[in-house]
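>>> Whatever this is, show me its structure:
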Amino acid sequence: MRGMLRAGVAIGSLLALGAASGPNVDVVIRGGTIYTGADTPPITGDVEIAGDRIVYVGPGRGTRAGQVVEAKGQIVAPGFIDAHTHPDSYIRSDDPKVRLNLPWLAQGVSTIVIGVDGYGTPDVGDDARKLEASGIGTNVVPFVGFGGIRQRVLGKADRTPTPAELAEEKRLAAKAMCEGAYGLSAGLFYPPQSFAKTDEVAAVAAEVGKRGGMYDSHQRDESNYNIGLIASTKEAIEIGRRAGAPVHFAHLKALGVDLHGKAPDLIRTIEEARAAGQEVTADQYPWLASGSSVDASLVPAWAVDGGYQAMIKRFDTPATMAKIKAEMRENLRRRGGAESLLLISQGQPWTGKTLAQMAATWKLDPIDAAIRILRVANANGTDPAGSGVASFNMAERDVDLIMKQPWVVTSSDGSNGHPRQYATFPKLYQDYVMKRPVITLAQFIRRSSGATADMYRIKDRGYLKPGAFADVVVFDPVGYAPRADYIRPREPSAGVSALFVNGKLALKDGAVTGAAAGRALLRPRPVNCGQ
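Prediction:
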């Protein structure tokens, strides 16, 4: 395959004029090896674009165009869809150049799913209008967050909602769906979402299910922190069943040393639900280190009741601190020890060091070093944004097995400080397709485009076919590669010669063009929304 795709033609050259005959279009991507996003073999030929739509895919037919991309020897595919992202520092930046969203564009990603892990705003409509008006480089697919809803109604308290409060939570979920949300996301591992019982989540999710939306879950436990991985998986499936909504597992994994080798049990649990007729899918990133924070990784959830300032006050109470430390020590063991936690927040004295290294530098026990980091990071009275970690806690055999499942698609979970924000799709391609063929090239493209669009029901995206929106990536099968790593996490990926978003050239030879062509892809309004 690699030999077949290589060519001596200059990569991504753009010509001012097209062929000498045939109909006129705006763009022709000429002579590439085309993967349409469907489960079909590739073809060699042209992709033609007029306005924001694809008008032709097939053998070259001599079409005139204002712009021609010479793609011989390159792969032409639908712009990739990232099923789970945290892009706020980019798409909500005050800098219009930053809002172009280079980390994702340079990977060939044209569409990102936002509002995940329960953090999506209930004001989906207003947020979508603001994002699109500000000028963004990628399309966005919004979810409403269970956490966003719950905090608006209950704040950060650890308690059950009253009937009136639950009714308000349900109203906000219905409102968001009627404004274009694709479903409800939840992050039941994170306080204060973790304080919610199954019944509360299912009741809110039911408002989404009756309007055709999805329940997208960062499940309550990906390890053995509370109810355990399998019980947590069953809980999410039960929430979806009761809500009448498809269930989608975010960044599916078996996390921590105690769970290594448990992927078969996890997969079996999901397969049983699918065999019973329930729609259950997942996404996954190709990294052995998850991204989190010191508090989420180590501090017990009860200690964060009321927010981070309340957590710091508990640190100052000796008897409470002793209990917190004991639980933190066990959580550190689960994570694989202080050597397995790489501190990744930018601009901190500990950036690029492991927790073990900082403990040695400060001559402290690792738990005391973690507490020091949380105190410093929280000094301004806000959430400890300076305590990000890459946690090396997954086994490669589990990652491989999950990746092979046909109901798993690609996501980055891209967040600041972790290289997955800049390098997930090319890393998956290089490490799991080219170097060690866990999946095929065709599977990589499908699970990064058409299959994702199908799961999320994103209309007219994810495929190269006439009538679809013109989100198209052209990449070099040899040069497409990650450049970011855990020490240098902000290096844009290489090898994308052209990326079109809604028919506009957004990236050329790895550099942004300045076109803010992204759109907020709101879901069609459900029929049961009233006037």
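>>> May I have the secondary structure class of Ala176?
Of the three states, Ala176 takes helix under DSSP: H, G, I helix; E, B strand; the rest coil.
>>> Just confirm Trp350 is within a helix.
No. Trp350 is assigned coil when assessed by three-state DSSP, not a helix.
>>> and the closest residue to it other than its chain neighbours, how many neighbours does it have?
Leaving aside its sequence neighbours, Trp350 sits nearest to Leu343 (C-beta to C-beta, 6 or more residues apart in numbering; 4.4 Å). Any C-beta I mention is one placed from the backbone N, CA and C, and that applies to glycine too. Neighbourhood size, Leu343 [other C-beta atoms under 10 Å]: 24.
>>> give me every residue that touches Leu343.
By C-beta atoms under 8 Å, 6 or more residues apart in numbering, Leu343 lies in contact with Val294, Trp350, Thr351, Gly352, Lys353, Thr354, Leu355, Met358, Ile373, Ser387, Gly388, Val389.
>>> Does the second one touch Ile373 like I think?
Yes. In terms of C-beta atoms under 8 Å, Trp350 counts as a neighbour of Ile373; the distance is 6.4 Å.
>>> Quick check: neighbours shared by the two?
Contacts common to Trp350 and Ile373, judged by C-beta under 8 Å, 6+ apart, are Leu343, Met358.
>>> how close does Pro466 sit to Gly277?
To Gly277, Pro466 is 34 Å away according to C-beta to C-beta, to the nearest Å.
>>> Give me the more crowded residue out of the two.
In this view Pro466 and Gly277 are compared by other C-beta under 10 Å, and Pro466 has more residues nearby, 12 against 7.
>>> Confirm that the more buried one sits in a strand.
No. Per three-state DSSP, Pro466 lies outside any strand segment and is coil.
>>> tell me the pLDDT at it?
Looking at Pro466, its pLDDT is 98.
>>> Can you verify my assumption that it contacts Val57?
Yes. Counting by C-beta under 8 Å, Val57 is a contact partner of Pro466 at 6.8 Å.
>>> Could you point out which residue ranges in the stretch 151-300 of the chain have low pLDDT?
Nowhere does the stretch 151-300 of the chain drop to pLDDT under 70.
>>> Going by residue numbers, what spans are helices in it?
Using DSSP state H, counting those that start in this stretch, the helices found in the stretch 151-300 of the chain span residues 163-178, 198-209, 229-243, 263-275, 294-298.
>>> And the strands in the stretch 101-250 of the chain?
Using DSSP state E, counting those that start in this stretch, the strands of the stretch 101-250 of the chain run over 109-114, 139-142, 144-145, 183-187, 214-218, 247-249.
>>> Using JSON lines, lay out those strands together with distance to Glu235 and mean neighbour count.
Converted to JSON lines, the strands of the stretch 101-250 of the chain look like this (distance: least, C-beta to C-beta, whole Å; neighbours: other C-beta atoms under 10 Å):
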{"stretch": "strand 109-114", "distance to Glu235": "22", "mean neighbour count": "30"}
{"stretch": "strand 139-142", "distance to Glu235": "25", "mean neighbour count": "26"}
{"stretch": "strand 144-145", "distance to Glu235": "18", "mean neighbour count": "30"}
{"stretch": "strand 183-187", "distance to Glu235": "11", "mean neighbour count": "30"}
{"stretch": "strand 214-218", "distance to Glu235": "9", "mean neighbour count": "29"}
{"stretch": "strand 247-249", "distance to Glu235": "10", "mean neighbour count": "27"}
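>>> what's the spacing between the residue nearest to Trp350 and Gly352?
Taking C-beta to C-beta, one finds Leu343 at 7 Å from Gly352.
>>> Repeat that for Lys363.
For Lys363 relative to Gly352 (C-beta to C-beta), the value is 20 Å.
>>> now do Gly212
45 Å.
>>> on that earlier part again, can you put the contacts of Leu343 in CSV and add neighbour count?
Shown next, in CSV, are those (neighbours: other C-beta atoms under 10 Å):
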residue, neighbour count
Val294, 26
Trp350, 24
Thr351, 16
Gly352, 16
Lys353, 17
Thr354, 20
Leu355, 27
Met358, 21
Ile373, 26
Ser387, 27
Gly388, 25
Val389, 29
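>>> among these, which one has the lowest pLDDT?
Ser387 (80).
>>> need the contact list for the nearest residue to that one once chain neighbours are set aside.
Leaving aside its sequence neighbours, Ser387 sits nearest to Val294 (C-beta to C-beta, 6+ apart; 3.9 Å). Val294 is in contact with Leu341, Leu343, Leu355, Ala370, Ile373, Leu374, Ala377, Pro384, Ser387, Gly388, Val389, counting by C-beta under 8 Å, 6+ apart.
>>> Let's see which of those residues end up in helices.
Using DSSP state H, the members of these that fall in helices are Leu355, Ala370, Ile373, Leu374, Ala377.
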